[in-house]
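Q: Turn this into a model:
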Amino acid sequence: MINNQIQKYRFVCTLTFGDIYGQIIVWLITITISLATALALMGARKPVYALAAVGLVVLLSLPFLLFSFVTTLLNHIELSPVDASTKMEPIPGNVSQQRPVEATG
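A: Predicted coordinates for the structure are as follows:
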């Protein structure tokens, strides 16, 4: 019964690298600024503060990065109903439809 219900919907993920590219760039800028701050603190003979600054920036920025990735992924998942009479065609480029590489020689 449940298996029949699942077959009535098409599940598609439309996420591409371009959708998260901006998020990655912003996070890399944040990390670069924190490392520059750490180097400045190292030059001021405060190595403990430098390590704490980098750790704090990474610790506080990772949850926001994870949240933005997950919400972007969820926004690109599509469930569309499919009629029972519709024939399902495989999506081109689907990994499950590809044959493995075979060694020759």
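
Q: switch to C-alpha atoms for all contacts and neighbour counts from now on
A: Noted.

Q: Give me the mean pLDDT for the helix or strand hosting residue 52.
A: Residue 52 belongs to helix 47-75 when assigned by DSSP states H and E. For helix 47-75, mean pLDDT rounds to 87.

Q: Show me what counts as buried in the next helix or strand after it.
A: Next along the chain after helix 47-75, taking DSSP H and E as the criterion, comes strand 77-81. Buried residues in strand 77-81, defined by neighbour count with 16 or more other CA atoms under 10 Å: none.

Q: List the contacts of strand 77-81.
A: Contact partners of strand 77-81, identified using CA atoms under 8 Å, 6 or more residues apart in numbering, comprise 8-15.

Q: So which elements touch the helix holding residue 52?
A: Applying 3 or more CA pairs under 8 Å, 6 or more residues apart in numbering; DSSP states H and E, one finds that helix 47-75 contacts helix 17-43.
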